[in-house]
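Engineer: generate coordinates for the sequence data below:
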Amino acid sequence: MKAADKAPRYSAAMEERYTRQGYWNDDTLITHLQRWARQTPDKPAVRTADRDISYAELYAASRRLANSLLGLGIEKQDVVAVQMPSWPEFVIAYFGTMMMGGILATMHMPYRGREMEPLLRHGRAKAVICTGPLANHDAPATMLALRDKVDTLEHVIVAGEDVPAGALSLDRLIAEGSDADIADPPGPVDFATLCFTSGTSAAPKGVMREHRTFAANSRFFSPTVDLCADDVVMVGPPFTHVFGLLCVNLTVWVGGTVLLLPLFTPEDYAERIINGKPTVVFSAPAHLAATVKAGLLDDANITSVRLVVTGGTICPAAVAAAFEARLNGGRVGHLFGMTEMILVTQTPPDSPPEKRHGSAGPVTPGVEARVSDPEGKILGAGEEGELEIMSYANLAGYLDNDAANEASFTADGWFKTGDLAVIDEDGFIDITGRVKDLINRGGVKFNPTDLENALMAHDAIVQAAIVPMPDEVLGEKACLFVTLTPGSTLSFDEMTGHLAANGFAKMTWPERLEVIDEMPITPTRKIIKGELAARLRGE
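Structural biologist: Residues are numbered from 1 along each chain as shown. Predicted structure coming up:
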């Protein structure tokens with residue numbers, strides 16, 4: 001049995017509604033890639049620091065890989081996993097797998113065998129594509145060992161020249177595959193990807209995404225940022241995360257050029273913006289904060305960038321404003337999305353700074369949003385509650401995980417995001433925190449997000465995270481973890497003085513300060529607060 005056979009499907013009511021309204025149709029990303037390969041064959045589809053790959057080249061390489069995968073016995077709707085930086089080979093693997101009807105399952109670069117084994121088993125992966133041995137990770141050896149543990153895993157495919165015995169060469173599969181058309185290409189209701197979000201190793205939360213929802217999101221979201229074929233789009237999020245894949249989707253949909261950033265460092269990020277001359281940049285807020293605080297753009301003359309869009313987590317308004325100040329007329333805005341519902345909001349590029357920097361924008365076409373209190377009561381404009389979404393792009397449900405499905409949807413079918421939010425009278429959504437992040441100090445609960453945002457405006461602070469620490473009297477108190485700019489220091493009194501100067505009540509101030517060299521982060525640069533809290537508990 002394949003993962004696709006156990007994946008949840010949409011209700012008849014959703015099928016009727018979103019098909020009738022025109023959100024779901026027969027479009028796929030593959031048909032758009034083919035369109036641009038024919039209409040603009042020489043146009044760069046993918047750009048690296050030293051070479052371009054045209055639309056004709058990308059389409060041909062993807063088709064050859066698709067035929068090679070079929071020749072290995074990988075069938076339509078089989079899962080092909082990939083663990084690779086945002087390289088050109090990743091883009092080819094992505095489109096090649098989808099082209100032959102396979103399902104691409106992404107494995108984040110920091111993952112090792114222990115993390116990947118339950119995910120590969122849950123997705124019933126038949127093949128895995130990886131890098132050659134790297135300085136910090138012998139991926140081929142890891143994957144070959146996993147092949148002995150995961151019953152469905154048959155093929156290990158390795159990029160580059162260092163291909164060990166027992167593995168296959170990705171380069172050869174691309175070079176030697178047939179140029180014939182795919183005999184049975186995927187349809188709009190076939191699955192395209194499997195991406196895992198937070199969950200335990202015993203019960204992974206896997207989201208299966210259909211071709212039609214990817215296509216619809218590209219069709220209706222790209223106009224919100226005025227994307228067109230002339231755009232060079234720099235993608236900061238890794239392609240192993242759905243945010244990165246969606247940026248590729250949006251760019252290919254309009255026939256633009258994807259500017260690659262294989263792995264993030266502030267230096268590489270600044271270099272790509274200065275020398276790659278993107279017109280649109282998609283980023284995590286941490287990308288902006290680290291680059292600004294390092295001063296790498298202070299003397300740069302950035303004239304190409306018209307729009308920077310952050311997503312993945314909350315971006316402090318001060319960070320957005322500071323980055324925008326380094327653009328010659330370019331603007332910074334935000335979006336909101338999740339693996340479970342992909343991209344659903346966007347700040348209009350022409351909206352005023354207080355809207356672009358302080359909110360996630362209104363919902364995009366085909367998306368409805370509301371907030372509710374803990375008892376499920378729907379709240380009005382200006383009231384804070386849990387954000388719930390109804391959309392053509394919502395997941396139908398997690399793969400083979402009844403407990404997660406039961407907890408994640410309301411009785412009337414809305415997806416519960418777990419994010420706290422306020423929706424104003426104009427429909428702009430302000431993401432104010434996470435439901436689980438609230439600090440309960442002696443029965444008084446408060447949201448630490450505003451404090452974290454204010455602290456990140458401090459010149460010395462690069463990242464800030466407030467987490468609960470156990471207290472015998474109050475139950476919980478707040479502890480602040482920070483990383484600092486090189487050569488900087490921060491005392492407890494300086495921290496509390498900064499919060500006092502910004503008007504925060506003393507009862508909300510952290511009562512402990514921990515300066516650390518590096519934050520524990522997810523591959524999309526979200527801070528893992530649970531790990532910080534565990535440190536305080538001595539775990």
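
Engineer: ramachandran angles for the closest residue in space to residue 8 that isn't next to it in sequence?
Structural biologist: Counting by C-beta to C-beta, 6 or more residues apart in numbering, residue 397 is the residue found nearest to residue 8 once chain neighbours are left out, at 3.1 Å. All C-beta spots, glycine's among them, are computed from the backbone N, C-alpha and C. Residue 397 has phi and psi values of phi 160, psi 160 when expressed as degrees, to the nearest 10.

Engineer: since we're on residue 329, how many residues are nearby?
Structural biologist: 9 (other C-beta atoms under 10 Å).

Engineer: before we move on, what SS does it have?
Structural biologist: coil (DSSP: H, G, I helix; E, B strand; the rest coil).

Engineer: which residues pair with the residue nearest to residue 276 when sequence neighbours are not counted across the strands?
Structural biologist: Once flanking residues are discounted, residue 276 sits nearest to residue 259: 4.9 Å by C-beta to C-beta, 6+ apart. Taking DSSP bridges as the rule, residue 259 bridges to residue 47, residue 234.

Engineer: contacting residues for residue 259?
Structural biologist: For residue 259, the contact set (C-beta atoms under 8 Å, 6 or more residues apart in numbering) comprises 47, 232-235, 272, 276, 278.

Engineer: again, but for residue 153
Structural biologist: So residue 153 contacts 120, 125-128, 146-147 (C-beta under 8 Å, 6+ apart).

Engineer: please report the distance of it from residue 203.
Structural biologist: Per C-beta to C-beta, to the nearest Å, residue 153 is found 20 Å from residue 203.

Engineer: equivalent analysis for residue 315, please.
Structural biologist: The value you get for residue 315 to residue 203, if C-beta to C-beta is used, is 31 Å.

Engineer: likewise for residue 296?
Structural biologist: In terms of C-beta to C-beta, residue 296 sits 42 Å off from residue 203.

Engineer: ok so, going back, in contact with the residue nearest to residue 8, which residues?
Structural biologist: 7-8, 405, 409.

Engineer: out of these, who has the most neighbours?
Structural biologist: residue 7 (22 neighbours).

Engineer: that one is in contact with residue 209, isn't it?
Structural biologist: No - counting by C-beta atoms under 8 Å, residue 7 sits too far from residue 209 to count as a contact (9.8 Å).

Engineer: who touches both of the two?
Structural biologist: residue 191.

Engineer: when residue 315 and residue 203 are compared, which one has more neighbours?
Structural biologist: Comparing residue 315 with residue 203 by other C-beta under 10 Å, the one with more neighbours is residue 315, at 29 against 15.

Engineer: so that one is in contact with residue 292, correct?
Structural biologist: No - using C-beta under 8 Å, residue 315 is not in contact with residue 292; the gap is 11.6 Å.

Engineer: the helix-or-strand element of the chain with minimal mean pLDDT: what's the following helix or strand?
Structural biologist: Counting by mean pLDDT, DSSP states H and E, the chain has its least confident helix or strand at strand 444-446, which shows a mean of 72. On the C-terminal side of strand 444-446, the closest following helix or strand by DSSP states H and E is helix 449-456.

Engineer: quick check: residue 298 vs residue 141, distance?
Structural biologist: Residue 298 is 43 Å from residue 141, by C-beta to C-beta.

Engineer: those two - which one has more neighbours?
Structural biologist: residue 141 (14 against 10).

Engineer: so which helix or strand takes in that one?
Structural biologist: Per DSSP H and E: helix 139-147 holds residue 141.

Engineer: reformat the contacts of residue 259 as a markdown table; add neighbour count and distance to residue 473.
Structural biologist: Below are the contacts of residue 259 laid out as a markdown table (neighbours: other C-beta atoms under 10 Å; distance: C-beta to C-beta, whole Å):
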| residue | neighbour count | distance to residue 473 |
| --- | --- | --- |
| 47 | 21 | 58 |
| 232 | 19 | 57 |
| 233 | 24 | 53 |
| 234 | 27 | 50 |
| 235 | 25 | 48 |
| 272 | 23 | 51 |
| 276 | 18 | 55 |
| 278 | 24 | 53 |
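
Engineer: OK, contacts around residue 515?
Structural biologist: Residue 515 touches 481-484, 490, counting by C-beta under 8 Å, 6+ apart.

Engineer: and the pLDDT for the residue nearest the centre of the chain?
Structural biologist: Nearest residue to the geometric centre of the chain (C-alpha atoms, centre = their mean): residue 243, 3.0 Å. Note on residue 243: pLDDT of 94.

Engineer: that one belongs to a helix?
Structural biologist: Yes - residue state for residue 243 (three-state DSSP) corresponds to a helix.

Engineer: that one against residue 311, yeah?
Structural biologist: Yes - here residue 243 reaches residue 311: they are 5.9 Å apart, a contact under C-beta under 8 Å.

Engineer: list residues touching both of these two?
Structural biologist: In contact with both residue 243 and residue 311: 237, 282, 284, 337, using C-beta under 8 Å, 6+ apart.

Engineer: quick one: what helix or strand has the last one in it?
Structural biologist: Residue 337 is part of strand 331-338, with elements assigned from DSSP H and E.
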